[in-house]
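> got a predicted model here, sequence first, then my questions.
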Amino acid sequence: MASWINSLRKTGSISVIIPPNTQAETIKFNKDNWGSMARFGLFIVGNEAVPEAEWWAMAPPDTSIHAARVTASAPWAGWDADRKLVTLAADIQRGAEQFASMRLSAAVIGHSSSSFLGGKGWDEAIIKALQNILGTELPLSTNGLDCVAAAQASDIRRPLLVLPPWFGPGIVAAGTQYFTDHGIVPAATLSFDPGPEWHNVAPQDMYPKGLGFEQKVEPLCQQIADACPAPADGILIAGTGFRCVAIIEQLETTLGMPVITANQASLWQCLQHAGINTSINDYGRLLSQA
């Protein structure tokens, strides 16, 4: 018993008391990311690594992130003929059924493209459809609505809208229209240039050819700083599979304006839903101003 106790003294932060009939000592255990404060459900693209990595980097202690992976094409729920109701893709349905028994604090459709291509009203329609499975008590959101809410909370009305290179002209136009419809009118758009080795690859082919796992944040930071127009009052980086949270602080320091990114915005919204007001450093004003 004594040697086991001595080894545990060197670890972790959770304290317990040894049972009766033994000498009372404090035992400490290692952090295990158990979601004792909040547990968040995240619907994400099936072959992406960025969303979970960025959420775990930013998430405060005692919160946990749980992903349902989706392989459906965008939007993840199709409109009916009257554009009043949507039908959930099969893997969204399956993920929601699994989430239903996980005692989540909040959940989010973490897919910018679905919000953009679904268009005005799509976010509300898929939330309503998911409530049939998850119930009305669980706070639900979409990445599109989260980005709008985060921009509004940061007083951003004319952002530089930054998009990943695998977003073709159609999605760029849909994204611009989406934010405009929600009162966030981009001062300009920037599609990140991943380098000359990708210049002969069509946008829709970049991700399948591996660009999602070859993303570099240094040139992204420089391109945004160089492209930011004078009328812009903030930076809005769309795309949950777009690696970018590492540069938020640097951009805010360089440009003197708030920066919102897709995964940052959805984490912020989930924390709001869960009633967690913890100040989070290193990932922008949005999360640091609890």
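Arrived safely.
> got the buried residues for the helix or strand harbouring Leu190?
Counting by DSSP states H and E, the element that carries Leu190 is strand 188-191. Within strand 188-191, the residues that qualify as buried by neighbour count (16 or more other C-beta atoms under 10 Å) are 189-191. To be clear about C-beta, it is placed using only N, CA and C from the backbone, and glycine gets the same treatment.
> including pLDDT and distance to Ala174, could the residues you listed go into JSON lines?
What follows is those, written out as JSON lines (pLDDT from 0 to 100; distance: C-beta to C-beta, whole Å):
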{"residue": "Thr189", "pLDDT": "98", "distance to Ala174": "12"}
{"residue": "Leu190", "pLDDT": "98", "distance to Ala174": "16"}
{"residue": "Ser191", "pLDDT": "98", "distance to Ala174": "13"}
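> Pro229 - how many residues pack around it?
Other residues within reach of Pro229, judged by other C-beta atoms under 10 Å, total 11.
> tell me the secondary structure for it?
For Pro229, the reduced secondary structure class is coil; criterion used: DSSP: H, G, I helix; E, B strand; the rest coil.
> skip the chain neighbours and tell me the closest residue to it.
Ala188 (4.8 Å; C-beta to C-beta, 6 or more residues apart in numbering).
> surely that neighbour and Leu161 touch.
Yes. Counting by C-beta atoms under 8 Å, Leu161 is a contact partner of Ala188 at 7.3 Å.
> what about the strands in the stretch 51-200 of the chain?
Listed in chain order, the strands of the stretch 51-200 of the chain (DSSP state E, counting those that start in this stretch) span residues 63-70, 77-79, 86-88, 106-109, 140-142, 159-163, 188-191.
> pairing partners for the longest one, with directions?
Paired with strand 63-70 in the same sheet, following DSSP bridges, are strand 38-45 (parallel).
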